[in-house]
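A.B. asks: here is the input, now give the coordinates:
(chains A and B)
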Amino acid sequence: MKPRTLLAVLLPGSALLLLLGAATGSTGFSLDLPSTILWDIRLPRSAGAWLVGALLGLAGAIAQGLFRNPLADPYLLGSASGASLGVAMTLSFIGIAPGWLQALGLTGAAFIGTLAGVLATLALARGAEQSLRLLLAGIVVGVVLTAVTQTLMTLSPEVMRTMTAFMLGNTNLLGWRSVALLGCALALSLATALAASRALDALSLGDATARSLGLNLPLLRALLVGAFALATAASVAQAGMIAFVGLVAPHLVRSLAPTTHGRLLLLSALVGGALLLGADVLSRALIAPQELPVGIVTALLGGCYLLVLMQRRSP
Amino acid sequence: MNKLLPLLLALSTLGAHAVSVKDDAGRSYDGRAPQRVVSLLPSLTESVCALGACKRLVGVDRYSNFPASVKTLPSLGGLDDVNVEAVVALKPDVVLAAPSSRVAERLGALGIPVFTMDAKSYTDVRRVLLKLGELLDLPNAGKLWDDLEKGVAAAAQSMPARATGVTVYYEIASGPYAAGPTSYMGELLDRLGARNIIPATMGPFPKISPEFVVRADPRVILISERESVGLAQRPGWNHIEAIKRGNICLFTPEQGDVLARPGPRMPKAAQLMADCLTLKSR
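C.D. replies: Next comes the predicted model:
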């Protein structure tokens, strides 16, 4: 398939899914609804799910290109553990914490936590120059921050339930304000990543070749890590951790329509959006009027897809 | 007559008293006492029903299962995965929720009044009942609380002298996590005259070292059936007096609900504990 064909399928596909998202809810499939439910609940939630998926797809594509590792996903570089720690700290110190910290709420805490996690990783790796160093630093930061989170949970076990519920992927609470924030994050991170995408093409030939091409690698790398951090932080803060979308979206694009990194980034975002919105519609419909957390649906779908891919490629 | 109709309508709405109450987060509910109520916390569901307003409930969370009549109401999801859309579709006058629930913010943004209340301790039960009484415009909350306190006192008096002062350990989850004296269960045990092996300084539900229990050597252990598997096989626990003598009170999941929900079934919870302590202190 040509990248342009994929794009031509994805755009109307996403619009169709959005329509489906507006029609699917606790009462089954119908569009004959009070306007609050349609305009204030289903539409922002569906648009929000698409945006979160797009951010994850983009972050996944950046990470896989940057680390030249097909298993890289948005929750690398200490981002996920940073978000958990931010949430755990807000919950544990609620009441004692200064006012501005409480005003941020859990979403703000998760956002700052994610950025702090990535920054700590960058500091530990002394910048974004060496991919391997960055990856290792990310693992170290992840382990250490998780240990701190677990210490907090041991000291005040009553925060555990709220905290796990926050981190478990959920698109249920997305409103128009979240959509606006997610939209800004996507526009900013996508533009930055596209501008720096030539570095990813060069990097796929190896560091030495990339340097010999005369690109300002340190700057481009820093821009890419920045776009990655912003995309991940916005999605984790608004919807918690959602498995597999960031990992699978770039793989899908590469297997359907192999192309350069610039197009891969854009298409991965679109595929991620369609994937998550589709999973979200499923999660509402499967056991309606109750719903499954969307993270469970994406984990099942993504797991099956990777299994199929593995079987197809095995000798 | 035509001119009188709006006036009559206005008068009929005045019949239901206007109320003005502040919730635990400082949000105030002003207006007619709510007639369509959604409860997203089992203990709040039980309190609404104990106040005699069960009929006003139009929806509850997945875990609300008492009294039996609430099981027929629409189930709106768990504490943290509330189905916002289903709540809005019910057009409730007010939604009762725990303060930690994130859904409060979202529902508030959609223009649905949310009333949050923390129900974690013995004194919380009193505050919740009185506030709910005010909110729902029911006069009997004070009397109900008096009855509950009398019920707890009666449970304490039903215990023989030998059962008071007995040392107890209440495990709420393997880990092990204990119910300390400042937890709801701990407060009830305290009122029954039992001595909790956990010091109050450790907080409501501390994670403790298994060795701590062996050294404190409680006479009686309280634990749910589900968590009790392999209790005696834990290293060194065969030396604990409660285990040597078989002084272990096991609670069924239904009894566990009674014990863990700070609400109007408080006397029943106290009586469950009192019966067990009486039986196991022989």
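A.B. asks: for the residue of chain B found nearest chain A, give me its contacts.
C.D. replies: At 3.3 Å from chain A, residue B:80 is the closest residue in chain B, using Cβ to the nearest Cβ. (Glycine included, C-beta is placed from N, CA and C.) With contacts defined as Cβ atoms under 8 Å, 6 or more residues apart in numbering or on different chains, the neighbours of residue B:80 are A:161, A:162, A:165, A:166, A:170, B:101, B:102, B:103.
A.B. asks: need those in a markdown table (columns: secondary structure, neighbour count and pLDDT).
C.D. replies: Shown next, in a markdown table, are those (DSSP: H, G, I helix; E, B strand; the rest coil; neighbours: other Cβ atoms under 10 Å in any protein chain shown; pLDDT from 0 to 100):
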| residue | secondary structure | neighbour count | pLDDT |
| --- | --- | --- | --- |
| A:161 | helix | 14 | 76 |
| A:162 | helix | 21 | 77 |
| A:165 | helix | 19 | 78 |
| A:166 | helix | 25 | 79 |
| A:170 | coil | 23 | 83 |
| B:101 | coil | 21 | 74 |
| B:102 | coil | 21 | 78 |
| B:103 | helix | 24 | 86 |
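A.B. asks: which bits of chain B sit near chain A?
C.D. replies: Within chain B, the positions adjacent to chain A are B:62, B:74-75, B:77, B:79-86, B:88-89, B:100, B:102-103, B:105-106, B:109-111, B:177, B:203-207 by Cβ under 8 Å from any Cβ of the partner chain.
A.B. asks: what helices and strands are in contact with the host helix or strand of residue A:164?
C.D. replies: For residue A:164, the host element (DSSP states H and E) is helix A:160-167. Secondary-structure packing of helix A:160-167 (3 or more Cβ pairs under 8 Å, 6 or more residues apart in numbering or on different chains; DSSP states H and E): helix A:79-92.
A.B. asks: hmm, 10 Å instead?
C.D. replies: Applying 3 or more Cβ pairs under 10 Å, 6 or more residues apart in numbering or on different chains; DSSP states H and E, we find helix A:160-167 packed against helix A:79-92, helix A:99-124, helix A:131-155, helix A:217-239.
A.B. asks: what are the buried residues along the last one?
C.D. replies: By neighbour count, and taking 16 or more other Cβ atoms under 10 Å in any protein chain shown as the criterion, the buried residues in helix A:217-239 are A:217, A:220-239.
A.B. asks: what of the longest one?
C.D. replies: Burial within helix A:99-124, assessed by neighbour count using 16+ other Cβ under 10 Å, is assigned to A:101, A:104, A:106-122, A:124.
A.B. asks: now stretch B:164-178
C.D. replies: Neighbour counts using 16+ other Cβ under 10 Å place B:166, B:168, B:169, B:170, B:171, B:172, B:176, B:177, B:178 of stretch B:164-178 among the buried residues.
A.B. asks: which two of the residues you listed have the greatest separation?
C.D. replies: B:166 and B:177 (21.5 Å; Cβ to Cβ).
A.B. asks: the longest helix anywhere in chain B packs against which elements?
C.D. replies: Ranked by residue count, the top helix of chain B under DSSP state H comes out as helix B:141-157. Contacts defined by 3+ Cβ pairs under 10 Å, 6+ apart place helix B:141-157 against helix B:42-50, helix B:122-135, helix B:184-191, helix B:266-280.
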